[in-house]
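In: Provide a 3D model corresponding to the input given below.
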Amino acid sequence: MCLALLTVPGLARGQTSDPVLNSRAADKQIRKLRFEGNDYFSDKELTEAISFSSNRWLGQKLLGKEAVWFSRDAYQMNVRELQHFYQSEGFLNVEIGEPQIRLKRKGRKIELTFRLTENEAIHIDSLRFVGPNTTINEDLQVRLQGSRKFLEALPGSRFRDALIWNDQETLTMNLINKGHAYAASSPHVKLDTVQHKASIDWELEPGPLCYFGDISIEGQERTPEHLIRKQLALEKGQVYSRAALNRSQQQIYQLGTFRIASLRAQLTRDQKDSIPVRISLTEAPRTSTRVGLGYGREDKFRTFVDFRILNFPGGARRLNLYAKHSALEPYRFEARLTQPAVFSPNSTLELAPSVKKQKEAGYELFAYGSTLGLLQRLSNQLNVSLSLYYENVNLDTTSVARTIDVTEVLKNYSKGGLAGGLLFDSSQPRFDPARGWVVGLNAKSNSQLLPGKYSFFKYQLEVKHYQQIAEPLILAMRARYGGIRPGQSRGPIPVEERFFAGGSRSVRGWARQQLGPIDDEGVPLGGNTLIEVSLEPRLRLFGPLSMVVFADAGNVWPQLGDFSAQDLRFSAGGGLRFSTPIGPVGIDLARPVADSDSKWQLHFNIGHAF
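Out: Here you go, the predicted structure:
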């Protein structure tokens, strides 16, 4: 590899024997760090690139930061680090002048300023593909001219080492996934320091076209081998692909019976074109138990127990026995039988009978029923589901709002029908997203296929977006719309199926279910139309601690299509988040804005509000 930008010496100044560095500043703590002349990069970016850092009293006492001491040798090392950073970012002719040093705190500490002249950056002028296989070279050159760019270091862009490394990985994996298991790629960079331009020749060495050979499996004890082979995205004689290996590993994990699944292609030094694959498995324990405890503002004390049996009663099926208690669900018992890979490696069938008692502000009920659902994974980001459900409900009619005609509210009734869902999730990271989208669409048709008193069609669309504005700042946005269309009977909608608003994951200026229509005694009625929108900047402070400010708006309307912008209610507030391995834990404080209701609401959360 010939990355010239990494090998040009002596382009930075600042390595000096100035007596100021030896006497005035020697062996003194650095209180503050500054940079002058940095137009392309912020002080924060440059500070992260070197060893020196600002060191205030608060950071030492509260965060346990160690003091940073100045010395001539340490300063020169930091100059080299700064030089390396700039050169790796394409600023080949950066100049680092003599530092400015000011004594602080009666001469015990210093304020250090690096003086920079960035000069003009190197930009990529041309890019070619060279190597023994002209067909591959020409195909890549055509792709390069297309609308979908697959490389990052392109003509016209600033030369950056990180982009070159990324492109090297992209090109090599592109060849490997097309059957060239022994492929390699290397960039040759030619510099024009006068014109500040660089040309890149990518030398591609694809090697022989390879195929999968024998596939051996070891380590399985309870799970039949034919089920494991059904999950493979490869077979003997198929053109070699690293992507097929990765997809096979993912699909084996989807069986849910293995703790470790390792797929190893047995490459050889003499580059044989038939590549055996060895699959090594470690099964998860046949039985396991999860127990959880917690406390929330809405559900108060909560606890759950989840007992799991794998390979029940054989194959790859698994049985989960689940029990839960909280103020909102005094009890819930559920048995879930899961059959993975039912129609394809990415389809799952579940049967889940349950019994529960719910206690909400707008109703109390006892219910039992069952759901038979099919989940299909279409890609790493897209899932769809379809299910049949039946539920028998025993409603405490004294708990519902008084404005409803009591004669139309049955104490005991059944519900049954068809439900479907679609979920697209590109957000990353999973528990504390900083980028990406989440789009969820759910719908259910009640009393259409199965008999029931109440006929209705219910749907809900939710869209969430996360965007990183700066290194410590993330902007999170959410919009949710829901509607219920009564069936031909035009009767009332079961109270537990209606929409309610307010609470820690809704419009946070109101308590749970307290936003929307209510009766004279303050009992929420719920409604057939729901709209909610939220905007939440999230700012990382230090370590695991971050803060949020937010604005929510929304409401519930009794009938479908009753929405009016004048009826929207608004709230605002802020909160703190503490990051943990399973996601953030936080507290929010909010109140209505421009509203007759001005009561503050306090919410405790595990995870973000959205």
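
In: How many residues are close by the closest residue in space to Asp519 that isn't next to it in sequence?
Out: Among residues not flanking Asp519 along the chain, Ala401 sits closest, at 4.0 Å (CB to CB, 6 or more residues apart in numbering). Every C-beta, even on glycine, is put in place using the N, C-alpha and C of the backbone. Using other CB atoms under 10 Å, Ala401 has 19 other residues around it.

In: State whether Ala401 is indeed within a strand.
Out: No - assigned with DSSP: H, G, I helix; E, B strand; the rest coil, Ala401 falls outside any strand and is coil.

In: quick one: it and Gly527 touch, right?
Out: No - distance between Ala401 and Gly527: 11.1 Å, which falls outside the contact criterion (CB atoms under 8 Å).

In: Need the residues touching each of these two.
Out: Taking CB atoms under 8 Å, 6 or more residues apart in numbering as the contact rule, Ala401 and Gly527 both touch Pro517.

In: For the most centrally placed residue in the chain, give the beta-bridge partners.
Out: For the chain, the residue sitting closest to the mean C-alpha position, by CA atoms, centre = their mean, is Gln428 at 2.4 Å. Counting by DSSP bridges, Gln428 is bridged to Arg435.

In: show me what contacts it?
Out: Listed by CB under 8 Å, 6+ apart, the contact partners of Gln428 are Ala434, Arg435, Gly436.

In: May I see the buried residues of stretch 447-461?
Out: Neighbour counts over stretch 447-461 (16 or more other CB atoms under 10 Å) mark Ser447, Leu450, Gly452, Lys453, Tyr454, Ser455, Phe456, Phe457, Lys458, Gln460 as buried.

In: list the contacts for the second one?
Out: What it means is Leu450. Residues in contact with Leu450 (CB under 8 Å, 6+ apart) are Leu388, Tyr390, Gly416, Gly417.

In: nearest residue to it other than its sequence neighbours?
Out: Gly416 (2.9 Å).

In: That neighbour contacts Lys453, doesn't it?
Out: No - using CB under 8 Å, Gly416 makes no contact with Lys453, being 10.4 Å away.

In: mind listing the helices for the stretch 101-250 of the chain?
Out: In the stretch 101-250 of the chain, the helices defined using DSSP state H, counting those that start in this stretch lie at 134-145, 161-176, 225-230, 242-253.

In: meant to ask about the chain, not that
Out: For the chain, the helices defined by DSSP state H occupy 19-22, 43-49, 57-63, 72-88, 134-145, 161-176, 225-230, 242-253.

In: Just put these in TSV and tack on distance to Ser199.
Out: Formatted as TSV, those follow (distance: least, CB to CB, whole Å):
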stretch	distance to Ser199
helix 19-22	40
helix 43-49	27
helix 57-63	46
helix 72-88	18
helix 134-145	14
helix 161-176	13
helix 225-230	49
helix 242-253	30
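
In: of all those, which lies closest to Ser504?
Out: helix 57-63 (28.8 Å; CB to CB).

In: list the contacts for the nearest residue to Phe258 once chain neighbours are set aside?
Out: Nearest residue to Phe258 in three dimensions, chain neighbours excluded: Leu281, at 5.3 Å (CB to CB, 6+ apart). Contacts here follow CB under 8 Å, 6+ apart; on that basis Leu281 touches Ile217, Glu218, Gly219, Gln220, Ile228, Ile252, Phe258, Ile260, Ala261, Ser262.

In: Phi first, then psi, for the fourth one.
Out: Backbone dihedrals for Gln220, given as degrees, to the nearest 10, come out at phi -80, psi 140.

In: Give me the pLDDT value at it.
Out: Gln220 is assigned a pLDDT of 93 by the prediction.

In: where's the residue nearest to it when sequence neighbours are not counted relative to Ile215, distance?
Out: Spatially, and ignoring its direct neighbours in sequence, Gln220 is nearest to Leu281 (5.1 Å; CB to CB, 6+ apart). Using CB to CB, to the nearest Å, we find Leu281 at a distance of 13 Å from Ile215.

In: One more: Phe610?
Out: 44 Å.

In: that older thread, can you lay out the buried residues of stretch 447-461 as CSV showing pLDDT?
Out: As requested, the buried residues of stretch 447-461 are exported to CSV (pLDDT from 0 to 100):
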residue, pLDDT
Ser447, 84
Leu450, 70
Gly452, 70
Lys453, 79
Tyr454, 87
Ser455, 90
Phe456, 93
Phe457, 94
Lys458, 96
Gln460, 98
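
In: For Leu328, state which of those is nearest.
Out: Closest to Leu328, out of all of these and judged by CB to CB, is Gln460, at 19.4 Å.

In: Report the beta-bridge partners for that closest one.
Out: Asn442, Gly482.

In: quick one: it and Gly482 touch, right?
Out: Yes - if you go by CB under 8 Å, Gln460 and Gly482 touch, sitting 3.9 Å apart.

In: so what sits against both of those two?
Out: With CB under 8 Å, 6+ apart, Gln460 and Gly482 have common neighbours Leu530.

In: buried sites along stretch 557-568?
Out: By neighbour count on 16+ other CB under 10 Å, the buried set for stretch 557-568 is Trp557, Leu560.

In: circling back: export the helices of the stretch 101-250 of the chain to a markdown table and tack on mean pLDDT and mean neighbour count?
Out: Below are the helices of the stretch 101-250 of the chain laid out as a markdown table (pLDDT from 0 to 100; neighbours: other CB atoms under 10 Å):
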| stretch | mean pLDDT | mean neighbour count |
| --- | --- | --- |
| helix 134-145 | 92 | 13 |
| helix 161-176 | 96 | 18 |
| helix 225-230 | 95 | 15 |
| helix 242-253 | 97 | 18 |
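
In: Which stretch among these approaches Ala121 most closely?
Out: Closest approach to Ala121 among these (CB to CB): helix 161-176, 12.7 Å.

In: domains for the protein, by residue range?
Out: Domain ranges of the chain: 4-117, 123-205, 211-283, 341-606, per automatic domain parsing.

In: Ends of the shortest one, what's the gap?
Out: Spelled out, it's domain 211-283. One end of domain 211-283 to the other measures 29 Å (CA to CA, to the nearest Å).

In: if we can go back for a sec, pLDDT wise, what is the residue nearest to the centre of the chain at?
Out: The model's pLDDT for Gln428 equals 93.

In: That one and Gln381: what is the separation?
Out: 10 Å.

In: Same question for His226.
Out: 29 Å.

In: what do you get for Leu515?
Out: 32 Å.

In: Could you do Tyr466 as well?
Out: The gap separating Tyr466 from Gln381 is 14 Å, by CB to CB.

In: for Glu532, same thing?
Out: Glu532 is 24 Å from Gln381, by CB to CB.

In: what about the two, which has more around it?
Out: Legend: neighbour count by other CB under 10 Å for Glu532 and Gln381, higher for Glu532 (24 against 15).

In: Tell me who's in contact with the spatially closest residue to Gln29 that is not a sequence neighbour.
Out: Distances taken as CB to CB, 6+ apart place Lys109 nearest to Gln29, at 4.6 Å, with adjacent residues excluded. Lys109 sits next to Lys28, Gln29, Ile30, Arg31, Leu103 when contact means CB under 8 Å, 6+ apart.

In: Output the below-cut-off pLDDT ranges for the stretch 1-150 of the chain.
Out: Low-confidence regions of the stretch 1-150 of the chain, defined by pLDDT under 70, span residues 1-26, 55-65, 105-107.

In: let's see it at 80
Out: For the stretch 1-150 of the chain, applying pLDDT under 80 flags the ranges 1-27, 54-67, 104-108, 147.

In: and if you look at the stretch 401-550 of the chain?
Out: 401-409, 448-453, 471, 488-491.

In: Correct me if wrong: Arg577 contacts Asp588.
Out: No - applying CB under 8 Å, one finds Arg577 not in contact with Asp588, separated by 9.3 Å.

In: Identify the contacts common to the two.
Out: Val548.

In: And for Ile518, nearest residue in space, chain neighbours not counted?
Out: Spatial nearest neighbour of Ile518, chain neighbours left out: Pro524 (5.2 Å); criterion: CB to CB, 6+ apart.
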